[in-house]
Structure formats: C-alpha cells, structure tokens
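Asker: just to be clear, the model below is a prediction. Sequence and coordinates:
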Amino acid sequence: MAERAGPPEAAERPNDVDGRWLRYAVELASRCPPSRTAFSVGAVIVGPDGETVLAEGWSRAGDPRDHAEEAALRGFAPGDPRLAGATLYSSLEPCSARASRPRTCAQLTLDAGIRRVVFAWREPAVFVDCQGAELLAAAGVTVVERPDLAAGVRAVNAHLLTQ
C-alpha cells in the first residue's frame with residue numbers, strides 16, 4: 001500500500017486539515033462509475049500526522065459492490081497498528097446496512113481500529129436508513145460531520161436524488 005505525503009492544496013481555509021482531506025474524498029467520489037443503485041463515495045485514510053495518505057478508495061473501485069471505505073481499508077488487516085491514530089475521511093456517512101456484503105462500512109471501520117471519522121453528508125434514506133454515525137459514536141469513535149462540504153457530494157449523486 002503506497003503512502004503519499006502531503007494533503008491536496010487548501011482551497012479556502014489553509015489551517016482546515018479536515019476540510020482539505022474531506023474535499024479530496026469528495027474529489028475521489030467523482031471517479032466512481034455511475035450507478036442507479038448505489039451512491040458515489042470517496043474515502044481517504046490519513047495517518048496520525050495529518051499529512052500522510054495511508055489509503056484511498058471510491059465506490060465500485062474494483063468491484064461493482066465496493067463501497068469507498070471498504071476499498072480504502074482492503075489492504076489492511078483488522079487492527080493494523082498504522083490505523084490506530086488515523087482518520088477516515090468519507091464523502092458520505094459510513095453505511096450501517098447493506099445487502100451486497102456481510103459487513104458494513106461502519107463495522108469495517110471499527111474492526112480496523114480507526115478511532116476518528118470525518119464525513120460531509122449524512123446518507124439520505126434513498127436505499128437504507130443509515131445509522132453509521134450513531135453506531136460509530138456509540139462505539140467510542142470520534143465522529144465529525146462537515147455539512148459545509150456536502151454540496152459536492154450531493155452534486156456527484158444528483159442522478160439518485162431526482163429518481
């Protein structure tokens with residue numbers, strides 16, 4: 001798994017590390033092949049230093065059933081020590097229910113040992129009633145919602161919102 005140093009350039013607030021990485025996750029969402037049955041989501045896992053990308057992924061990256069967080073976490077064993085102080089940035093709230101795989105993105109995040117998650121948009125009840133943020137918080141994970149960055153996520157998923 002390749003690590004990359006340095007976050008993408010800050011567009012607005014230079015000291016807003018969460019905003020920089022979350023904007024990058026939103027960019028990754030635009031790489032998703034379109035689907036009428038699943039959201040386009042991007043995810044990036046950043047190391048404890050706030051600068052090093054440990055992994056990134058997007059929906060349908062390698063398989064039509066892939067979720068972004070799942071794709072980003074694929075190269076790590078559960079409890080990998082590199083993830084202990086990492087932050088998961090996801091354009092959409094990690095899922096708490098899914099039909100295509102046995103474990104949800106919220107559960108994969110917990111199993112990986114990630115203790116901080118930042119996301120832009122709560123999953124609307126288009127496919128499921130998502131409770132990912134609540135499940136993560138109940139398990140002791142620090143969950144940060146950044147609705148100020150949700151417009152980009154809604155834009156890449158606009159085709160689902162007009163059905």
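Answerer: Structure's in. What do you need?
Asker: so residue 18 makes contact with residue 144?
Answerer: Yes. The criterion here is C-beta atoms under 8 Å, and residue 18 meets it with residue 144 at 6.4 Å. For every residue, glycine as well, the C-beta is placed using N, CA and C.
Asker: overlap in contacts of these two?
Answerer: residue 118 (C-beta atoms under 8 Å, 6 or more residues apart in numbering).
Asker: quick one: which of the two has more around it?
Answerer: residue 18 (17 against 14; other C-beta atoms under 10 Å).
Asker: got the confidence number for that one?
Answerer: pLDDT, residue 18: 95.
Asker: ok, it to residue 133 distance?
Answerer: For residue 18, the distance to residue 133 equals 15 Å [C-beta to C-beta, to the nearest Å].
Asker: who's in contact with stretch 71-87?
Answerer: In contact with stretch 71-87 (C-beta under 8 Å, 6+ apart) are residues 1, 18, 21, 43-48, 50, 54-59, 61-62, 88, 108-109, 111-118.
Asker: give me the buried entries from the residues you listed.
Answerer: Applying 16 or more other C-beta atoms under 10 Å to these, the neighbour count classes 18, 21, 43-47, 54-59, 61, 88, 108-109, 112-118 as buried.
Asker: separation between the most centrally placed residue in the chain and residue 115?
Answerer: Nearest residue to the geometric centre of the chain (C-alpha atoms, centre = their mean): residue 90, 2.1 Å. Per C-beta to C-beta, residue 90 is found 15 Å from residue 115.
Asker: same deal with residue 141?
Answerer: Separation of residue 141 from residue 115 (C-beta to C-beta): 6 Å.
Asker: can you pull out the helices in this protein?
Answerer: In the chain, the segments counted as helices under DSSP state H are 17-29, 68-73, 105-112, 132-138, 150-156, 158-161.
Asker: lowest mean pLDDT across those, which one is that?
Answerer: The weakest mean pLDDT among these belongs to helix 158-161, with a mean of 79.
Asker: buried ones in it?
Answerer: Buried residues in helix 158-161 (16+ other C-beta under 10 Å): residue 160.
Asker: swap in stretch 32-44?
Answerer: Going by 16+ other C-beta under 10 Å, stretch 32-44 has these buried residues: 32, 38, 39, 40, 41, 42, 43, 44.
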